[in-house]
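Participant: build me a model:
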Amino acid sequence: MRRLLTTFKLLSLSVLLTLSTGIAYPLVLSHVAEAASAADWQSGNIMDDGTFYNNSDMTADQIQSFLNGKVPVCDTQGTQTSEYGGGTRAQYGIAHGYAPPYVCLKNYYENPTTHANNLSGNPIPSGALSAAQIIKNAADTYGISPRVLITIIQKESVGPLITDTWPFPSQYTNALGYGCPDSAPCDPSYAGFYNQVNNAARQLQNYENHPTNFRYQPNQNNTIQYNPNTGCGSSTVFIKSKATAGLYDYTPYQPNQAALNNMYGSGDSCSSYGNRNFWRIFSDWFGSPYAPAFAWESEGVVIEDENKNSEIPTDNMHSGERLYAQVAAKNVGSVTWTNSGSNPILLATVRPNNSYTPYCDITWVQLCDRPATLSEASVAPGEIGHFNFYMAVPNAIGQYRTFFAPVAEGQSWMSNDAGFNIYVNDNGSYEWQWLYFDAYTDATKTTPVSMDHVTRGQQIYIVLHVRNRSATVWSNSGPNPADLGTSNPQDQMSPLCTNTWISCNRPAVLDQSTLAPGQEGTFSFAIKAPSTLGVYRQYVRPVLEYKGWTRDDSNVIYMNVTQ
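Facilitator: As a prediction, this is how the structure comes out:
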């Protein structure tokens with residue numbers, strides 16, 4: 001791949017274009033603190049894998065905010081004075097075939113199917129995605145850091161595009177230099193911003209997944225030139241990461257000492273700048289390209305009942321319930337995790353480290369601050385591991401929140417995802433869901449009854465459909481049967497009671513022998529219309545006898561006695 005100079009819109013003379021190939025020339029950023037130091041450059045480790053393949057390091061909103069910050073004000077109409085002479089930017093653009101309005105990257109939209117976009121004064125097309133969303137989608141699809149893609153856009157595009165306040169439409173054509181070899185024109189089949197971003201991300205993933213298919217190999221010595229001119233020489237470089245090998249496959253030269261000595265400018269006639277600029281831009285904008293040895297990011301948690309029947313929300317729990325948690329954790333460090341040996345990776349409580357949690361279960365690795373050991377034998381940088389464990393709902397009513405992070409036991413705490421926690425609200429009620437009820441003339445359930453017109457003394461057969469949303473299996477026998485109880489007020493003696501009820505505050509027991517979390521069940525019972533005309537509303541809810549009630553529900557069995 002190489003960077004192509006776009007027709008007419010050239011960099012200013014202060015940028016010092018000095019070399020013969022598209023990607024091999026320096027790029028000076030305006031208003032950049034010279035944070036990157038040549039002393040920190042590593043030819044064999046431009047970036048480590050944990051950083052390069054961390055596709056979750058920015059959300060689409062964060063990408064958009066970043067682009068907004070790089071171009072606070074877009075000179076859409078080209079009213080400012082042109083850097084290249086010829087009057088205003090608009091006058092310069094018109095003279096070279098590019099009239100305003102100019103669309104900065106932060107405002108760019110493209111339909112990924114039709115490739116229609118909002119350049120050249122066109123409206124935002126139907127179904128279009130923002131540049132930020134295009135970058136994020138490609139990052140997630142191919143497992144590449146959005147920060148990496150942003151950096152490649154900046155170092156490959158003319159303008160450069162990320163920071164250009166009045167880009168021409170042509171600058172979007174080959175924004176990442178994909179399909180642009182040094183020895184031939186750019187392939188038009190890869191033209192356009194969406195195509196460029198997606199194909200570049202796909203190619204970077206190919207370098208990762210099939211490293212032996214390409215020129216530069218990780219974990220071995222490679223001969224890397226300083227310049228396309230073979231007379232400028234080369235050196236042997238031991239490439240330490242797949243990311244670094246991929247960067248050399250994408251931009252096949254290393255900077256010489258002259259290029260490193262003038263990190264923000266030009267070197268000599270044998271200098272190349274593509275990978276130097278990538279490393280420098282990334283360092284300036286996002287910090288170190290090297291992940292800590294041990295670091296992680298949460299990829300989410302799934303919480304189920306203890307028998308793993310159904311996923312359970314934790315905001316309505318009952319004391320004593322038991323949950324099964326499955327935590328996914330991405331290794332964004334530079335060291336492979338293992339679940340054995342002298343420093344196994346465990347999940348631990350943090351904030352503060354090793355803090356006590358009332359979620360503690362008898363099965364934990366260490367009571368009460370080590371829920372689980374890494375499930376996989378090993379998890380390399382960029383891969384996702386899992387921690388699976390049981391946890392108890394605290395015995396006291398209240399809201400609880402415990403923070404967790406992996407730890408390399410006896411070696412290092414992770415740079416933890418500070419936002420990761422498991423929340424539990426014990427409100428003293430079992431969770432359930434009222435679905436609907438049917439009304440029939442008798443237990444054969446053949447003839448429906450309208451509850452809007454009921455006769456005095458009429459007996460009606462009710463079938464209430466519910467869903468068990470608790471973390472507890474309900475049963476219709478044993479010491480804690482699941483009965484239907486009257487409520488609002490709780491345990492009231494119902495005027496609809498018949499002699500088929502367990503008692504006049506217990507219409508029925510669960511029809512099914514057991515009802516697992518997530519399953520639908522029924523309570524079947526007869527009611528009798530009172531002798532007085534009027535509207536009657538009977539509130540009911542399940543109760544696990546001698547254990548606890550389900551929460552109150554606003555739904556009601558309604559009856560209007562009209563004759």
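Participant: now the strands: where do they sit in the stretch 51-200 of the chain?
Facilitator: Using DSSP state E, counting those that start in this stretch, the strands of the stretch 51-200 of the chain run over 109-110, 129-130.
Participant: typed the wrong thing, it's the stretch 251-400 of the chain
Facilitator: 296-305, 322-331, 337-338, 345-350, 372-373, 378-379, 384-392, 398-408.
Participant: now for the third one, which elements pack on it?
Facilitator: The elements that strand 337-338 packs onto, with contact taken as 3 or more CB pairs under 8 Å, 6 or more residues apart in numbering; DSSP states H and E, are strand 378-379. The C-beta positions use only the backbone N, C-alpha and C, and glycine is treated the same way.
Participant: then the last one?
Facilitator: Using 3+ CB pairs under 8 Å, 6+ apart, the elements in contact with strand 398-408 are strand 345-350, strand 421-426.
Participant: thinking again about what came up before, could you identify which of the strands of the stretch 51-200 of the chain is most buried?
Facilitator: strand 109-110 (a mean of 24; mean count of other CB atoms under 10 Å).
Participant: picking that back up, need the strands of the stretch 251-400 of the chain in TSV with mean neighbour count, can you?
Facilitator: As requested, the strands of the stretch 251-400 of the chain are arranged in TSV below (neighbours: other CB atoms under 10 Å):
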stretch	mean neighbour count
strand 296-305	18
strand 322-331	21
strand 337-338	20
strand 345-350	24
strand 372-373	20
strand 378-379	18
strand 384-392	20
strand 398-408	20
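Participant: which of those strands sits closest to residue 243?
Facilitator: Residue 243 lies closest, by CB to CB, to one member of the strands of the stretch 251-400 of the chain: strand 322-331, at 14.1 Å.
Participant: kindly calculate the angle that that closest one makes with strand 421-426.
Facilitator: 170 degrees (axes from the mean of the first three to the mean of the last three CA atoms, to 10 degrees).
Participant: same for strand 322-331, what does it pack against?
Facilitator: Judged by 3+ CB pairs under 8 Å, 6+ apart, strand 322-331 is in contact with strand 296-305, strand 384-392.
Participant: of all these, which one comes closest to residue 420?
Facilitator: Of these, the one closest to residue 420 (CB to CB) turns out to be strand 296-305, at 4.0 Å.
Participant: what's in contact with the closest one?
Facilitator: 54, 56-57, 310-312, 314, 321-333, 384, 405-406, 414-417, 419-420, 422, 470-473, 516-518 (CB atoms under 8 Å, 6 or more residues apart in numbering).
Participant: can you read off the pLDDT for residue 563?
Facilitator: On the pLDDT scale, residue 563 is placed at 87.
Participant: let me see the contact set for the closest residue to it other than its chain neighbours.
Facilitator: Nearest residue to residue 563 in three dimensions, chain neighbours excluded: residue 455, at 5.4 Å (CB to CB, 6 or more residues apart in numbering). For residue 455, the contacting residues are 529, 561-563, by CB under 8 Å, 6+ apart.
Participant: possible to save those as TSV with secondary structure?
Facilitator: TSV is the format used below for the contacts of residue 455 (DSSP: H, G, I helix; E, B strand; the rest coil):
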residue	secondary structure
529	coil
561	strand
562	coil
563	coil
